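In: show me how the following folds:
(one chain, ligands or ions: 1)
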Amino acid sequence: MILHGYFRSTASWRVRIALGLKGLTATPVFHHLRRGEQRAPDYLAINPQGLVPALVTDDGAVLTQSLAICEYLDEIQPEAALLPSQPLARAKVRAAAQLIASDIHPVQNLKILQRLRDLGHDEAQVQAWAQAVIEEGLAAFDALLPHEPGRFAFGERPGLADLCLIPQLGNARRFNVELRWPRLVEIEAACLELEAFKAAAPNAQPDAE
Ligand SMILES: N[C@@H](CCC(=O)N[C@@H](CS)C(=O)NCC(=O)O)C(=O)O
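Out: Just a heads-up that it's a prediction; the model follows:
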């Protein structure tokens, strides 16, 4: 498999964590987002959205969208399941993951922040926008977590919600959002004890700057 990504891309980071948790490997191909390499014609032929990640399977199939990729990996390698087995519990974990992947990240990603600048907003306004989106979203994520204690977001095993949370906390730090949710910081500490999370971190990637 080949994983098209970028060290700082939170969506690629999710897939790197999933690969690690599953004990799977993919050859990384990096696209420098700040240089616009995601919009090069040869990459647009792979992902017409011009976004990373994209996973190319050994059969040459192209998968896009980080959560779809993570669920695909979960299905081809059921060990170390990323989702619980019961429908209700699965829906709750997916909801938490989508809270981040659908409602926080897309509203504060590179493309949107650039649009705000293009519309004439100054850097302070752009930062304030990102901070507000992340702050509001993480507060809701924290409130959504089950009350039962567990090392990870949903129990004693890391899963889809954790692999969304850890990169989003990384983004929160980049935008100087105060991490005022002790439970989220504890979950992060538990995750970062695991090799899959350590190896997936942006600064552990060959293209890190
Ligand atoms: N919903 C997509 C989001 C992908 C996405 O926004 N990727 C960002 C990096 S985290 C990107 O490629 N940005 C490039 C750009 O905005 O031009 C997913 O989960 O895979």
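
In: quick check: residues of the chain near the ligand?
Out: 9-11, 33, 38, 50-53, 65-67, 101, 109-111 (Cβ under 6 Å from any ligand atom). For every residue, glycine as well, the C-beta is placed using N, CA and C.

In: in helices, which of those residues fall?
Out: Of those, the ones assigned to helices by DSSP state H are 10-11, 66-67, 110-111.

In: show me which of those are buried.
Out: 10-11, 66-67 (16 or more other Cβ atoms under 10 Å).

In: out of these, flag the one nearest to residue 1.
Out: residue 66 (14.3 Å; Cβ to Cβ).

In: surely the closest one meets residue 5?
Out: No: contact between residue 66 and residue 5 fails when scored by Cβ atoms under 8 Å: they sit 9.5 Å apart.

In: mutual contacts of these two, please.
Out: Residues touching both residue 66 and residue 5 (Cβ atoms under 8 Å, 6 or more residues apart in numbering): 12, 15, 53.

In: buried only: go through the residues you listed for me.
Out: 12, 15, 53.

In: from residue 69, how far out is residue 56?
Out: Noted for residue 56: a distance of 11 Å to residue 69, by Cβ to Cβ, to the nearest Å.

In: need the overlap of contacts for those two.
Out: With Cβ under 8 Å, 6+ apart, residue 56 and residue 69 have common neighbours residue 63.

In: let's have the buried ones among the shared contacts of residue 66 and residue 5 in JSON lines, adding pLDDT.
Out: Formatted as JSON lines, these follow (pLDDT from 0 to 100):
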{"residue": "12", "pLDDT": "98"}
{"residue": "15", "pLDDT": "98"}
{"residue": "53", "pLDDT": "98"}
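
In: now do the helix or strand of the chain with the lowest mean pLDDT: distance to the chain's middle.
Out: For the chain, the helix or strand with the lowest mean confidence is helix 110-118, at a mean of 94 (criterion: mean pLDDT, DSSP states H and E). Remark: helix 110-118 is offset 20 Å from the chain centroid, using Cα atoms, centre = their mean, to the nearest Å.

In: next, the buried residues of it.
Out: Buried residues in helix 110-118, counting neighbours by 16+ other Cβ under 10 Å, are found at 113, 116.

In: what helices or strands is it leaning on?
Out: Contacts defined by 3 or more Cβ pairs under 8 Å, 6 or more residues apart in numbering; DSSP states H and E place helix 110-118 against helix 123-144.

In: next secondary structure after the helix it packs on?
Out: The helix or strand immediately downstream of helix 123-144 is helix 160-174, counting by DSSP states H and E.

In: now the angle between helix 123-144 and that next one, please.
Out: Inter-element angle recorded for helix 160-174 and helix 123-144: 150 degrees (by axes from the mean of the first three to the mean of the last three Cα atoms, to 10 degrees).

In: what residues does the very next helix or strand once past helix 160-174 touch?
Out: Once the chain leaves helix 160-174, the next helix or strand it forms, by DSSP H and E, is helix 182-191. For helix 182-191, the surrounding residues in contact (Cβ under 8 Å, 6+ apart) are 138, 141-142, 145, 151-153, 158, 162, 165-166, 169, 179, 197.
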